[in-house]
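# return a 3D structure for these sequence lines:
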Amino acid sequence: MKPINGFVIALGVLAMAACGGSNAADKTGPNGNGDPDRATASELIRGAGTTTAAKPATKTNNADPLQVSAVRLSTDNFFADVDLSAQVDVAPPVPEGIAFEYRWYVNNQEVADAVGDTLKSGNFRKHQWILCEARALAGDRASNWVKSNWVRAADSPPRIEPAAVDNFSVPGRFSYQVKASDVDNDELTYELVSPLDLGIELDKKSGLLTWKLDKARVEKLGETVEIQIGVSDNDLPPTTGSITLRFQKGTAAKTP
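A predicted model of the protein is given here:
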């Protein structure tokens with residue numbers, strides 16, 4: 001059979017359809033939902049779960065008490081590849097030369113090498129609970145330690161990565177490797193969303209898409225066909241993307 005006249009294949013924009021549907025806003029702390037990975041109530045840091053107001057420091061030499069009013073984390077909806085920062089609010093008057101000390105906890109375990117205002121990604125994984133406590137220092141004065149709310153790292157959705165589409169001749173077999181990644185290194189599953197009745201095959205494990213095309217089928221398809229693909233980490237709704245094939249007549253076809 002002779003190859004169909006030329007065509008153009010365009011790779012559609014791959015859109016993220018799944019959001020990081022996490023429960024990071026849940027402030028109940030590591031023991032909140034009875035997860036076996038979390039500590040028991042007796043292991044919780046005292047006062048964790050809500051922002052703790054500082055007790056007034058004892059005045060020395062008629063100086064104003066140094067007080068931390070709150071410790072706030074940079075976000076309560078974040079993934080394991082995002083650095084987490086803390087901001088300390090100090091009750092006025094704020095003295096000159098003020099400094100801060102920080103302690104970070106992941107699932108109630110203190111992160112020994114995290115001593116600044118930022119907890120680097122790599123120190124926690126999805127579904128783990130994180131808390132920061134801080135105090136202010138000014139001269140020979142120190143405020144009480146004040147804790148932030150607990151926040152929980154979200155399960156990140158898979159990301160579909162654009163990949164070039166090679167030209168091919170009809171009759172023949174069209175092949176396309178779906179490329180995806182996951183911050184949490186979860187095992188991914190690929191699925192064909194549509195069309196489901198045209199003989200398109202997609203390997204669920206590898207993401208390799210193949211489609212045997214002949215001239216008659218292409219003529220029925222018309223000038224355009226869109227293939228929609230979903231990628232899931234089996235925890236969240238799938239991330240979806242699409243490949244748009246446009247067959248243009250009157251142009252010499254290129255072969256792979």
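
# so what strands line up beside the helix or strand harbouring residue 101?
Taking DSSP states H and E as the criterion, residue 101 maps to strand 99-106. Next to strand 99-106 in the sheet, as set by DSSP bridges, lie strand 109-110 (antiparallel), strand 129-138 (antiparallel).

# report the buried residues of that strand.
For strand 99-106, a neighbour-count test (16 or more other Cβ atoms under 10 Å) marks 100, 101, 102, 103, 104, 105, 106 as buried. In short, each C-beta sits where N, CA and C put it, glycine included.

# how about the fifth one, what does it touch?
For residue 104, the contact set (Cβ atoms under 8 Å, 6 or more residues apart in numbering) comprises 110, 111, 114, 119, 123, 130, 131, 132.

# thought residue 179 was touching residue 160?
Yes. Using Cβ atoms under 8 Å, residue 179 is in contact with residue 160, at 7.2 Å.

# ok, the two, which is more surrounded?
The neighbour comparison of residue 179 against residue 160 (other Cβ atoms under 10 Å) goes to residue 160, with 25 against 14.

# so what pLDDT did that one get?
Note on residue 160: pLDDT of 95.

# one more: residue 244?
pLDDT at residue 244 comes out at 87.

# that one: what secondary structure?
strand (DSSP: H, G, I helix; E, B strand; the rest coil).

# residue 225 is in contact with residue 195, isn't it?
Yes. Taking contacts as Cβ under 8 Å, residue 225 lies within contact range of residue 195: 7.3 Å.

# looking at those two, which is more packed in?
Ranked by neighbour count (other Cβ under 10 Å), residue 225 and residue 195 place residue 225 first, with 19 against 13.

# quick one: which helix or strand includes the more buried one?
Counting by DSSP H and E, residue 225 is part of strand 224-232.

# show me what that strand is packed up against.
Judged by 3 or more Cβ pairs under 8 Å, 6 or more residues apart in numbering; DSSP states H and E, strand 224-232 is in contact with strand 189-194, strand 208-213, strand 239-246.
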